[in-house]
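K.L.:
Sequence and predicted model, in that order:
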Amino acid sequence: MSISRRSFIKGMGIGCVGCTVGSLPPGALALNPVTSLKGQSKLTPSLCEMCSYRCPIEAQVVNNKTVFIQGNRNSPHQKTRVCARGGSGVSLIYDPKRIVKPMKRKGPRGAGEWEVISWEQAYTEIAEKMASIKQHYGAESIFFSSKSGSLSSHLFHLAAAFGSPNTFTHASTCPAGKAIAASVMMGGDLKMDLANSKYILSFGHNLYEGIEVAETYELMTAQERGAKLVSFDPRLSVVSSKANEWFAIRPGGDLPVLMAMCHIMVKENLYDKDFIEKFTVGFPQLVEVLQDTTPEWAQAHSDVPAKDIIRITREIAAKAPHALVMPGHRATFNKDEINMRRMIFTFNALLGNIEREGGMYQKKAAAKYNKLAGIDVAPELAKPTVKGMPKITAKRVDATAPQFKYINKGGGIVQSIIDSTLHGVPYQTKAWIMSRHNPFQTVSCRPDLEKTAQKLDLIVSCDVYLSESASYADYLLPESTYLERDEEISDVSGLNPAYALRQQVVEPIGDTKPSWLIWMELGKKLGLASYYPWENMGVRQLYQVKGDENLYKEIHQKGYLSYGIPLLLREPSYVKAFVAQYPDAIKHVDSNNMMEKSLSFKSPSGLIEIYSEELESLLENYGIPRFHNFPLKQKDELYFIQGKVAVHTNGATQYVPLLAELMWKNPVWLHPDTAKSHGIKHGDEIILENSVGKEKAHALITTGIRPDTVFVYMGSGSKTGEKTPATTNGIHCSSLLPHEISPVSGTDVHTSGVKISLA
Ligand SMILES: Nc1nc2c(c(=O)[nH]1)N[C@H]1C(S)=C(S)[C@@H](COP(=O)(O)OP(=O)(O)OC[C@H]3O[C@@H](n4cnc5c(=O)[nH]c(N)nc54)[C@H](O)[C@@H]3O)O[C@H]1N2
Ligand SMILES: Nc1nc2c(c(=O)[nH]1)N[C@H]1C(S)=C(S)[C@@H](COP(=O)(O)OP(=O)(O)OC[C@H]3O[C@@H](n4cnc5c(=O)[nH]c(N)nc54)[C@H](O)[C@@H]3O)O[C@H]1N2
Ligand code: SF4
Ligand SMILES: [Mo]
C-alpha cells in the first residue's frame, strides 16, 4: 500500500514539516548567531529529548527570546513536571557551541579541524563513499548505530534499504541485561505499578538521580503513602538516602542476595503457589538451583547480613502481591546480568505480583485493550512499512554465537564493532554511521574505540554537538534539536492505551534538519528513492492514524492521548471497574473475579519461563539462572563503579550551558579509610589506573561508599570534541573499562578494578 497522501496533506494545510531551513553565511563551528527565536507563541505539546525517556512536555517561545517548558498537562503521569535537564532545553537551542551546519573533517580524525560544507556536498560525498565500500566489501561492512526510538527507525530503514543487517541501538550499553532477561522468560518486558506498591526493593536502580519523571514521581508517591523502600547500592545514592534501609552491597553481590531471598521464599513457603502453578514453568529446576544459596552464602559474596536477607524477604512476602523488586534500567553492572535480572523477575513471580496492584504488569496497547473491552476504545495505529525491501542474506557482525539470538533481534551488541573492525571477527567493518550516539563516552574501552575509529574508511556522525565521538567523524550532520522538529506518533501505553507526539515548537536554527529528513535525503542520493514513499513527517503521521483527520488534529492539539481506564488482569477491583465500563468484557472474567485466561506470555511455552529450555539448548547451564562469580577486579584493586547524576544525561548534557553551570566538577567518591591508607585528603588530585588506562580527578572523601569501591558520575573527562569545564573535568569511565561481551545479553560491563594513588 502506498503511503503517499499528498492531496490529503494539501487539503489539511500541512506543510513539509522540518523542511524549513534558515540560511546562515558559511562560518566556523562556533557560529550560531541567534539573537531571536521564532516559533509557537502558545503552549504547544511535544516530547522532551534531554534524555531518552522522552517525557511529554508543552513549550512556547516567549517574547522571541526564550522558551518556556513544562510537563504536558494532558498526561496524568507527567502533569507540569519536568526535571532540571528537561527545563533547560532552551539553553541547548541558543548554545553558540551547537553545530548548525554540515561539516567535513580537514585534519586527522579527532583533531577538531573542520570546514563547513553544503548538505548537497555532504550527501554526494557520503553516498559515493558508501557505494564504493558496498561494491568492494558488501553493504554489511557498514555499521549503523543510533539511540533507540523514532530516531533510530529512520537510520535503520536506510540501512535496510542499503542492504546492511548491522543496526545497533544503545541496548547493550544500557537495558539489554533486563530486556533480554524479560525476552528469554516472557517474550517481552513488564512495567512497574510503583505508586501503589507497599514494599519496594531496589538493586542499584536510583530513580532519584537516574530520573524518569513519571516513574520517579511514582516512587515518591509510594513512599509518601507509606511504602517501605530498601536499597542495595555500593554507595549512598539519593534513593539510598531516602530509603528506609540502605545496604552497601558489594559490586557483583546482587545475584547471590536475590538467590538467597528466593531460597527463603521457597524454604519458608512464602511464595504464591497458585500463580507459580498456573503461569510458570521451571519451578522444580529453581528449587534445585536454590538448594544451597543460603543467606549465609549470600552474605559471603555481598556483605549483606544473612539475618537482614531473611528479615527483608519475610517483610516483602507479607506485603505481596502489592510489592515488587525493581528490575532496574541500566543493567550493565557485571557479566551475570542475564541471571541477576532473571532472578528479579523470578522473585516477582514468586511474590505473585504480576498484574496485581503495586506489582508488575504488561503494557495494555490498543489492540489488546480493545479485544478485552469488546469495543474499539482506542484507535490502533498503522505502522508505516515499505514493501519489497531488499533481501539481506549477510549475517550480523554480532551473531557470533547462538546465545545472542535475543539481542541480535533487539538492539544488537554495539561494542562488537571493536572485534569486527580490529580483528575482522566475524568479518571486516569498514564504515560507521552513528546518529544520536556518543560511543567514545558510552561504550567501554576507549583505547580500542580509538583504534577502531582510526582503522575505518568512513565515519559519519549526526549530532547536535561536536561530541567526543562526532569529533572522529569525517562528516558531521547537524540535527535540529528536539524543540525544532516533528516526529512520528509514539505508543506510550501503560495500564491503558496512550499515544504521544513530538512537534516543532521553535523554527530550526541554522542549517539543521531532523534526522528522518537527513537519512531520507541521503537514501535518495544513494538511489534508494523507491524505498521512501512518504515525502514528509505529516504524511507518515497521517498514515499512522489511517487518515483519521480528527485523531490527527487531536494528537497535535493535546500531544498526549490516553484511552479507557487502568486495567490489571489479576486485580479484582480493576477487573470490576473495567467490566462496569465495558460490559462485553464479562466474558473474559474468571470465577475468581480476575481475567487470568487473558494473561499470556510470548515465550515458547506461553508461560513465564523460570527455566528456559530454549536458552539451555543455546548455552549450556544457562537454562536456569546460576551464580557464575565472574571476577570484576584483581585482588589488590578497588571496584570502580558509576551512576547517573540528576542534572546531567550520560555524557551528553555537559555541553549545555545551563546544566554545565549547575555541575561541572565530577570528583571520585572515596571512603575515609581508603583515603587514609593511600595518604589522600579531600580535594587532592588522584590517579585511577588499570590495564585499560589511567585517569585523573579530585577526591571526594565520604562515608557514603564502601571502602573497597570508588564511584564517579559517568559522562566527563572528554579527550576530544567540544571542550567545556563540564566535559573535560573528571574521570573518563570508558578509559578504565575493558571491552566485554556478557553471556546471552551481550552487554558491556561498567564495573572494573582500579588502583588509586596521589597525582
Ligand atoms: N561507563 C559507563 N558507560 C555507560 C553508562 C554508565 O553508567 N557508565 N551508561 C550507559 C547508558 S545507561 C546509556 S543509555 C548509554 C547512552 O549512551 P548514548 O547512546 O551514546 O547516548 P547519550 O550519551 O545520551 O547521547 C548521545 C549523543 O546524542 C546527542 N544528542 C542529543 N540530542 C540529540 C538529538 O536530538 N539529535 C541527535 N542527532 N543527537 C542528539 C548528544 O549530543 C550525544 O553526543 O551510555 C551507557 N554507557
Ligand atoms: N539525571 C539523569 N537521569 C537519567 C539519565 C541520566 O543520564 N541522567 N539517564 C537515563 C538512562 S539512559 C537510564 S538507563 C537511567 C539509569 O538509571 P539507573 O538504572 O538508576 O542507573 P545508574 O544511575 O547508572 O546506576 C544506579 C545505581 O547503581 C549503583 N551501582 C553500580 N554498580 C552496582 C552494583 O554492582 N550493584 C548495585 N546494587 N548497584 C550498583 C550506582 O551506585 C548507582 O547509584 O536513568 C535515566 N535517567
Ligand atoms: S526525565 Fe527529564 S530530561 Fe528525561 S525526558 Fe523527562 S524531563 Fe526530559
Ligand atoms: Mo540508559
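P.N.:
That came through, no problem. Ligands and ions are numbered 1, 2, ... in the order given.

K.L.:
So which elements touch the longest helix anywhere in the chain?
P.N.:
Ranked by number of residues, the top helix in the chain under DSSP state H is helix 119-137. Secondary-structure packing of helix 119-137 (3 or more C-beta pairs under 8 Å, 6 or more residues apart in numbering; DSSP states H and E): strand 103-105, strand 142-146, strand 431-435, strand 458-463, strand 475-478, helix 515-525. Using the backbone N, CA and C atoms, a C-beta is placed for each residue, glycine as well.

K.L.:
Touching, A260 and A300? I think so.
P.N.:
No. Checked against C-beta atoms under 8 Å, the pair A260 and A300 is beyond contact range at 10.4 Å.

K.L.:
more crowded one of these two?
P.N.:
Taking other C-beta atoms under 10 Å, A260 and A300 do not tie; A260 has more neighbours (25 against 13).

K.L.:
So the more buried one versus P295, what's the distance?
P.N.:
Distance of A260 to P295, computed by C-beta to C-beta, to the nearest Å: 5 Å.

K.L.:
what do you get for L190?
P.N.:
Separation of L190 from P295 (C-beta to C-beta): 27 Å.

K.L.:
Around ligand 1, which positions in the stretch 651-759 of the chain sit nearby?
P.N.:
G651, A652, M714, C733, S734, L737, H750 (C-beta under 6 Å from any ligand atom).

K.L.:
What strand or helix carries the spatially most distant residue from the centre of the chain?
P.N.:
In the chain, S591 marks the outermost C-alpha relative to the chain mean, sitting 40.0 Å out by C-alpha atoms, centre = their mean. Following DSSP states H and E, there is no helix or strand that holds S591.

K.L.:
where exactly do the helices run in the stretch 351-500 of the chain?
P.N.:
With DSSP state H, counting those that start in this stretch, the ranges of helices along the stretch 351-500 of the chain come out as 366-373, 405-409, 416-423, 439-442, 446-455.

K.L.:
Helix or strand with the lowest mean pLDDT in this structure?
P.N.:
helix 6-12 (a mean of 35; mean pLDDT, DSSP states H and E).

K.L.:
separation between the residue nearest to K129 when sequence neighbours are not counted and N166?
P.N.:
Counting by C-beta to C-beta, 6 or more residues apart in numbering, K129 lies nearest to L458, which is 4.8 Å off, once chain neighbours are set aside. Separation of L458 from N166 (C-beta to C-beta) stands at 14 Å.

K.L.:
neighbour-wise, which of these two wins?
P.N.:
Per other C-beta under 10 Å, whichever of L458 and N166 has more neighbours is N166, with 28 against 18.

K.L.:
tally of neighbours for the nearest residue to the more buried one once chain neighbours are set aside?
P.N.:
What sits nearest to N166 in space, not counting adjacent residues and going by C-beta to C-beta, 6+ apart, is F143, at 4.8 Å. The local packing of F143 (other C-beta under 10 Å) involves 27 other residues.

K.L.:
my guess is F143 contacts G412, does it?
P.N.:
No. Counting by C-beta under 8 Å, F143 stays clear of G412, with 9.5 Å between them.

K.L.:
Identify the contacts common to those two.
P.N.:
Residues touching both F143 and G412 by C-beta atoms under 8 Å, 6 or more residues apart in numbering: N166, F168.

K.L.:
Next one: P672 from ligand 2, what distance?
P.N.:
For P672, the distance to ligand 2 equals 18 Å [C-beta to the nearest ligand atom, to the nearest Å].

K.L.:
separation between P108 and ligand 3?
P.N.:
Here the criterion is C-beta to the nearest ligand atom. By it, P108 lies 35 Å from ligand 3.

K.L.:
Number of residues surrounding that residue?
P.N.:
Counted with other C-beta under 10 Å, the neighbours of P108 add up to 10.

K.L.:
Same check on the one 3 residues further on?
P.N.:
Using other C-beta under 10 Å, A111 is surrounded by 12 other residues.
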